[in-house]
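**Student:** Build me a model from this:
(chains A and B)
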Amino acid sequence: MKKLPFLVCVLIFGYAFLYIPIFSVIAYSFNDSTLMSHWGGFSLRWYQELFNDRQIREALLLSIQIAAVSATFATLLGTCAGLALARLRKFRGRRLFSMMIVAPLVMPEVITGLSLLVLFIALEKFAGWPAGRGATTITIAHITFSMAFVAVIVQARLAGQDQCLEEAAQDLGARPLSVLLDITLPLLTPAMLAGWLLAFTLSFDDLVISSFVTGPGANTLPIYIYSQVKLGVQPDINALATMIIAIVALGVTLSAWLIRVRERRIECQTRY
Amino acid sequence: MNKTPGYKGLLAVNLSARAVNRGLLWSPYLWLLLFFLAPFAIVIKISLSEIVLASPPYQPMFNWAEDATQWFNGTLENYLFVLRDRLYLYTFWNSIQTAAISTVLVLLLGYPMAYAIARAPADKQGLLLMLVIIPFWTSFLLRIYALTGLLNTHGVINNALLGLQLIDQPLQLMYTDFAIYIGIVYSYLPFMILPLYATLERLDLSLVDAASDLGAGPLRSFVDITLPLSLPGIIAGCMLVFIPAMGEFVIPSLLGGAESPMIGRVLYDEFFLNRDWPVSSAIAVVLLALLLLPIALLRHYQAKEAEQ
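**Tutor:** Below is the predicted model of the structure:
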């Protein structure tokens, strides 16, 4: 393997590029100095300031609430869409439907945000709902773009899955609705869970679409962070970033570990 | 299996499998018609309406639909304005250029990384891939913020270079095109690596072995075999980077300078600062039109992938 050293170098460079900014944020979150330029000693003062900051707390709670609600609705709608796309070969408007499902995945956020805002304004004018803009409009916007991701995950899962269990149940006299509820949905649970997590993350992270469709008073965490960062480097944002990175790293490690345990169990079961 | 769930009564209704699936279809269908298709139709409509209907400084939202007949009195004025104005043309051109250069840079870093991961020992591949994915799950905005800490005049890079006495004065890294490239490479690297890894991992190594048995050097077998066979992954990855980079708003507004505007940022400013709805709608439609070809390419290669 003559090429190996080059490839190893590339990997080291690539991972350094991905992680040095993250680690520098973590390091500076413990810096006592207000300036990024010098190290003023180890301190937890930015964490203290973070916990005492009412605005950040409110923004965080609002973001979690919007992310949880929108991820749940997106999972429901996305699962329905994924099932329909995988199981209904032909129906009127299939092309339009599958186009509408994939389009949000590639649509620039500024266009999605702009078009949803003008829709909400038109709806308010003609139907009186939603009255004003805020958490509700952000939630609807997030459901719309994240259900596409759930639908794609569910559809991929169904495509790779053997239908034998469902067919067996049907042969044994189970009705289609009971096949769906007793067999298909339980088999889909991991995909739906993955979809929910992705939808939650996408919603929790979204800045552009939220800032289009938000109203007075509804500041999500990304909107708040963006307004702070625009003013310059803020040490307490370092602390916030460190905590979010820690939670994500923990979550990813935990889910990887769970998947491995599950796989081992299946391996054991098939062996004996 | 002896438990009787509460929904059993519901199951007495004997629906055909097709009816059940059709029942599943209508809720997402209606949702998307209302919240995806209808908004876009309104944007097209606004882009065709006259500027006075939509741009008073106060309460612009109440005017454009006041007079129902005006809805159909379309004008192409906004499109002509956008396509004739030097600043808008330059912004479109600059966005294409920036997105293209960054895509090439992502490919140059992502391809060898994906190749190295695909050729790593099988038990290490999962970990290496996970290390690529973890940053993708952390907040996009916070990662761009992390870069500003690195690129600042008093940031990590300048401090390191000054400390090593390689430079006498801090370099201007922030608010430049260079910062935008770094930002795009940094944020979109996973989008390139994952599809590339998927194609490279499946690649039949016996073909490469056969080539080297027949006397081809490593470079020759890479150019003649590996590269063409991984072309679907390359195109999918490039489009996955190019498309969002074209409409990017956060990266140019936090890292970029004023002299190289990008279309996402201009659209945002036009809408919120100038309150010119018709022009910003026209910009949105032109942007989407520019992206149709890349999107079609992506769809084509993703469909091909799915068949395999």
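**Student:** what's the neighbour count on A:Glu263?
**Tutor:** Counted by other CB atoms under 10 Å in any protein chain shown, the residues lying close to A:Glu263 total 10. Yep, even glycine has a C-beta here, placed from its N, CA and C like the rest.
**Student:** how near is it to chain B?
**Tutor:** From A:Glu263 over to chain B the distance is 11 Å, taken as CB to the nearest CB, to the nearest Å.
**Student:** ok, that residue - contacts?
**Tutor:** The contact partners of A:Glu263, taken as CB atoms under 8 Å, 6 or more residues apart in numbering or on different chains, number zero.
**Student:** Can you list the buried residues in the top helix by length along chain B?
**Tutor:** As assigned by DSSP state H, the longest helix anywhere in chain B is helix B:86-119. The neighbour-count check on helix B:86-119 (16 or more other CB atoms under 10 Å in any protein chain shown) flags B:88, B:91-92, B:94-96, B:98-99, B:102-103, B:105-107, B:109-119 as buried.
**Student:** Only alpha carbons, please: show whichever helix or strand comes after it as CSV.
**Tutor:** Downstream of helix B:86-119, the first helix or strand assigned by DSSP states H and E is helix B:122-137. C-alpha atoms of helix B:122-137 as CSV (Å, rounded to 0.1, in the frame of the first residue of the first chain):
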residue,chain,number,x,y,z
ALA,B,122,-14.1,-2.5,8.1
ASP,B,123,-14.3,-2.2,11.9
LYS,B,124,-12.9,1.4,11.8
GLN,B,125,-15.3,2.7,9.1
GLY,B,126,-18.2,3.2,11.4
LEU,B,127,-16.2,5.3,13.8
LEU,B,128,-14.7,7.4,11.0
LEU,B,129,-18.1,8.0,9.4
MET,B,130,-19.5,9.0,12.8
LEU,B,131,-16.8,11.6,13.3
VAL,B,132,-17.9,13.1,10.0
ILE,B,133,-21.5,13.1,11.0
ILE,B,134,-21.3,14.5,14.6
PRO,B,135,-20.5,18.1,13.5
PHE,B,136,-23.5,17.8,11.1
TRP,B,137,-25.8,17.2,14.1
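**Student:** can you pull out the helices in chain A?
**Tutor:** With DSSP H, the ranges of helices along chain A come out as A:4-28, A:45-52, A:54-87, A:94-106, A:109-127, A:135-159, A:164-171, A:176-179, A:185-205, A:208-213, A:221-230, A:235-271.
**Student:** Can you mark which positions in the first one are buried?
**Tutor:** The neighbour-count criterion (16+ other CB under 10 Å) identifies A:Leu7, A:Val10, A:Leu11, A:Gly14, A:Leu18, A:Pro21, A:Ile22, A:Ser24, A:Val25, A:Ile26, A:Tyr28 as the buried residues of helix A:4-28.
**Student:** what's the answer for the shortest one, then?
**Tutor:** With burial defined by 16+ other CB under 10 Å, the residues of helix A:176-179 counted as buried are A:Pro176, A:Leu177, A:Ser178, A:Val179.
**Student:** Same list, these, but as CSV with distance to chain B and pLDDT please.
**Tutor:** Converted to CSV, the buried residues of helix A:176-179 look like this (distance: CB to the nearest CB, whole Å; pLDDT from 0 to 100):
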residue, distance to chain B, pLDDT
A:Pro176, 4, 82
A:Leu177, 5, 82
A:Ser178, 4, 83
A:Val179, 8, 84
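**Student:** circling back to that earlier point, now do the longest helix of chain B against helix A:4-28, angle only.
**Tutor:** Following axes from the mean of the first three to the mean of the last three CA atoms, to 10 degrees, one obtains 120 degrees for the angle between helix B:86-119 and helix A:4-28.
**Student:** Any residue of helix B:86-119 touching chain A?
**Tutor:** Yes: judged by CB under 8 Å from any CB of the partner chain, helix B:86-119 comes into contact with chain A through B:Leu109, B:Pro112, B:Met113, B:Tyr115, B:Ala116, B:Ile117, B:Arg119.
**Student:** Show me what residue of chain A gets nearest to chain B.
**Tutor:** Proximity of chain A to chain B (CB to the nearest CB) peaks at A:Pro108, 2.5 Å away.
**Student:** Leaving out sequence neighbours, find the closest residue to whichever residue of the stretch 151-300 of chain B sits closest to chain A.
**Tutor:** Closest residue of the stretch 151-300 of chain B to chain A, CB to the nearest CB: B:Gly247 (2.5 Å). Leaving aside its chain neighbours, B:Gly247 sits nearest to A:Pro108 (2.5 Å; criterion: CB to CB, 6 or more residues apart in numbering or on different chains).
**Student:** tell me the pLDDT at the one you found?
**Tutor:** What the model reports as pLDDT for A:Pro108 is 90.
**Student:** residue contacts, it?
**Tutor:** Taking CB under 8 Å, 6+ apart as the test, what A:Pro108 contacts is B:Ile243, B:Pro244, B:Met246, B:Gly247, B:Glu248, B:Gly264, B:Leu287, B:Leu288, B:Leu291.
**Student:** Just send the residues of helix B:86-119 next to chain A back as CSV, with pLDDT too.
**Tutor:** Below are the residues of helix B:86-119 next to chain A laid out as CSV (pLDDT from 0 to 100):
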residue, pLDDT
B:Leu109, 96
B:Pro112, 94
B:Met113, 95
B:Tyr115, 93
B:Ala116, 93
B:Ile117, 94
B:Arg119, 88
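**Student:** Closest to B:Phe140 out of those residues?
**Tutor:** B:Leu109 (18.4 Å; CB to CB).
**Student:** Return the distance of B:Leu203 relative to A:Ser227.
**Tutor:** Distance of B:Leu203 to A:Ser227, computed by CB to CB, to the nearest Å: 47 Å.
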